[in-house]
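1. sequence unknown, structure follows:
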């Protein structure tokens, strides 16, 4: 299993890379609570993509001024999706590919390997702490 973090604009390139590598994968796609669901290339054009989960919540640590953080139900759904597809690679995608997606990637890595360093250390990613803790908590239940 491999874990990839992608932004909205880099997702087609990430999927093309996995197709070339003949690597089966699933996508966990996150958008803002008020945004439309993302346009994803049809599965028939991406035969290595086995499933996709679409979630809508904002990159915030608490609800305020119309912004919505991840709910317990959403983190449970993400965790169930991860466990259901544990033998595949994961592409975690959000708008910028920096915070929500890296938080989910870090939770996956921590749960399966005990190490989330690739996604939490350094200056490349800034995982959303609430997303990370809620997803990891549900994975550990």
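-> Ah, there it is. Only a predicted model underlies this, so the values are computations on that prediction, with no experimental measurement involved.
2. quick one, phi psi at residue 25?
-> The phi and psi values for residue 25, taken as degrees, to the nearest 10, are phi -150, psi 170.
3. for the chain, which spans come out with low pLDDT?
-> By pLDDT under 70, the low-scoring segments of the chain are 36-45.
4. Recalculate using a threshold of 80.
-> 35-46, 122-123 (pLDDT under 80).
5. all strands of it, in order?
-> For the chain, the strands defined by DSSP state E cover 3-7, 25-31, 49-56, 89-94.
6. what does stretch 97-115 rub up against?
-> With Cβ atoms under 8 Å, 6 or more residues apart in numbering as the test, stretch 97-115 has contacts from 1, 3-8, 10, 28, 30, 57, 59, 70, 78, 82, 86, 90, 92-94, 116, 118-120, 125-129, 131-132, 135-136, 139-140. Bear in mind the C-beta positions are built from the backbone N, C-alpha and C, glycine included.
7. how about 7 Å then?
-> Residues outside stretch 97-115 that contact it (Cβ atoms under 7 Å, 6 or more residues apart in numbering) are 1, 3, 5-7, 10, 28, 30, 59, 78, 82, 90, 92-94, 116, 118-120, 125-128, 131-132, 135-136, 139-140.
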